[in-house]
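Asker: Here is my input; please provide its structure:
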Amino acid sequence: MIQNFPSVAVIINCHNGEKFLSECFYSIIRQSFENLEIVFYDNNSKDRSYDIACEFQKRDSRIKIYKCDRTYELDTIRSEAIKKISADLISFIEVDDYWSTQKTELQVKKFLEDPSLGLVFGKTVTKRKGNFFEHSLYSSNQNFHKYISKKKPINFSSIMFTREAYEKTRGFHSELKNVFDCKLLLKITQNFKFDYVDEYICLCRNFDNNLSNGLIYLFRKKIPVSFINKRFFNKNILFFQTNSKGGGAEKVIMDLEEGLSLRKYRVNSISILEDNQIGYKAERFSLSHKNIIFLFKFIKYLKESEDSIILSTIYHTNLISVLANFFSRGHHLIFSLHNGIPYQNLSIVQKVIFKILAIFSYKKYVSVLACSARTSEEHINNGFSKNISIIENGIGILDYKSLKKDNYFYNSIGTNNQQELVIGFFSRYHALKNHDFLLKILMELNKRGIDSKLILAGTDIDPSNKELVRSINNYNISEKVQLLGYRDDINSLLNEIDIYISPSKAEALPLSLIEASLSGKYIISSNVGDCNDIIKFNGKVISGFDESEYADAVIEYINFDNKKKKEISKLGIKNTLKRFSKEAMVEEYDSFLKEIYR
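Answerer: The predicted model follows:
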């Protein structure tokens, strides 16, 4: 008899199943019914199956792992797995199969409605060569035994049975090597009532390789990819970007990948300018043969992968995802807008891409996200759909805190004069970041008798950057500028500066200003994007690019008394904690993604 709040054992018998094992685990830990006892029984695998299971066990304490020292027959290993469980209900899943989120819940509901049931199964989808088909289907008015005798399949991964039914029918019959699971089903249904979930609850990728599932089967109809994505893969997301290192947008994506993974999303990431799963690199904004080859390889990847959502981060990847989806079909596209460049300042190629994307922004299978209100407004005013959602960027608040300068670190970056004003700007090297203007501000400050030093860090901010080094030498300030290159310890660097200056010509919602604010820094910024919203309590926004105005703002801050400086710092931290935390950003993305397939 089934209890009011039954537990369900989910058993994974695995022998060299690393290819799809992660997907299998994701489908289990996402189950809407959570009272699960998950047993992974490794049948002496020689691949990474055991290691993958251990990685998931760290995330989910419901997972128990057992490992054989030699390879056993499947009926034996299944019987051994059942000995390890205490649950009322039992389900098996093949490592290359996948469950819908409600599979367990729907079946448990059947058992609770009729406690005399011994077995419940449901509809299965088969994936063959990138397409999805339904099996020959059982209906409630059919005789189950005649159905099986006609060699029509019941996928074992779609079945749930009671412990009582298993024990009373004496379990698996080892003398029937190829049909032992089929025999179990027949014996249970001969001795107990059974029921059927008339919904797709299981997806089978490699149907021919399963034992009793190797029975002859017939396909009735092809199922649209969009339906499969909604039913099975609605938490599988592909982040599609140019590269994983660079500016704030890349950092946001890295934090999102981590945060959404913890919320049981299966996350993939492809960077087109770096080594990737496709095995081929593309180029920026070009119709070169490289990009054409990449497009075809990307289409093939999408047809074979099970990513239901493609989130692309710049116009280039937005366009590639649109073109690829035209051939692969079924994916939901998200244009994630982090571009703060006004439309009139875009190149001709960028404007063409912009207009193409604007057309597609009205499609039902496309959603548009902007990281700032100004970015949203800029795109709407130039042709994009008005249905743009805004999710502001966020950072990990525990990584940033205001500290006193560390003398050792201070010396390590080349600054040993505690009376020297240390200015920081941490960003990749690009004309829009306006590094040359920042050098002019430094010159102006030193001209006015403010002993100042500039610390720069970011991609291509190093002595090998001939253009930047030439400007520094031309201004004769080489002793006043430190180039640190790409750094992954920006939180530490921020604690070694006195003031942060951002002279960018274009931004959306610059992550560097959020980081500096959370570190308690006073910030002087150009009036671009949503900078004013970020630093309205702890900085000053300046319109135009006159180095004397920036120097005036620096001197104004220097002349504040310590009490006022501390108040400004606290207000900046408080505003940032309230609006720009990574946790809040991930929460908003999670809610946004759930709405796509609601």
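
Asker: Just give me the neighbour total for the nearest residue to Ser543 once chain neighbours are set aside.
Answerer: Closest residue to Ser543 apart from its sequence neighbours, by CB to CB, 6 or more residues apart in numbering: Asn527 at 4.4 Å. All C-beta atoms are positioned from the backbone trio N, CA, C, and that covers glycine. Using other CB atoms under 10 Å, Asn527 is surrounded by 12 other residues.

Asker: same thing with the one 5 residues further on?
Answerer: Neighbour count of Asn532, defined by other CB under 10 Å: 14.

Asker: picking that back up, wait, the residue nearest to Ser543 touches Gly539, no?
Answerer: No. Between Asn527 and Gly539 there is no contact under CB atoms under 8 Å: 11.5 Å.

Asker: which residues in the stretch 351-500 of the chain form strands?
Answerer: Assigned by DSSP state E, counting those that start in this stretch, the strands in the stretch 351-500 of the chain fall at 366-370, 388-390, 421-426, 452-457, 481-483, 499-502.

Asker: Format those as TSV; extra columns: distance to Gln190 and mean pLDDT.
Answerer: As requested, the strands of the stretch 351-500 of the chain are exported to TSV (distance: least, CB to CB, whole Å; pLDDT from 0 to 100):
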stretch	distance to Gln190	mean pLDDT
strand 366-370	51	96
strand 388-390	55	96
strand 421-426	72	96
strand 452-457	73	96
strand 481-483	79	96
strand 499-502	75	97
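
Asker: any chance of these in JSON lines, with distance to Asp198 too?
Answerer: As requested, the strands of the stretch 351-500 of the chain are exported to JSON lines (distance: least, CB to CB, whole Å):
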{"stretch": "strand 366-370", "distance to Asp198": "31"}
{"stretch": "strand 388-390", "distance to Asp198": "35"}
{"stretch": "strand 421-426", "distance to Asp198": "58"}
{"stretch": "strand 452-457", "distance to Asp198": "60"}
{"stretch": "strand 481-483", "distance to Asp198": "66"}
{"stretch": "strand 499-502", "distance to Asp198": "59"}
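
Asker: Now tabulate these in CSV and tack on mean neighbour count and distance to Ser91.
Answerer: Below are the strands of the stretch 351-500 of the chain laid out as CSV (neighbours: other CB atoms under 10 Å; distance: least, CB to CB, whole Å):
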stretch, mean neighbour count, distance to Ser91
strand 366-370, 22, 34
strand 388-390, 17, 38
strand 421-426, 22, 51
strand 452-457, 23, 52
strand 481-483, 20, 59
strand 499-502, 24, 55
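
Asker: What is the three-state secondary structure of the residue nearest to Ile93 when sequence neighbours are not counted?
Answerer: In space, and not counting its chain neighbours, Ile93 is closest to Ser157: 4.7 Å by CB to CB, 6+ apart. Three-state assignment for Ser157 (DSSP: H, G, I helix; E, B strand; the rest coil): helix.

Asker: My read is that Ser157 contacts Asp96, right?
Answerer: No. The pair Ser157 / Asp96 is not scored as a contact, 9.2 Å apart, by CB under 8 Å.

Asker: which neighbours do the two share?
Answerer: Common contact partners of Ser157 and Asp96 (CB atoms under 8 Å, 6 or more residues apart in numbering): Cys204.
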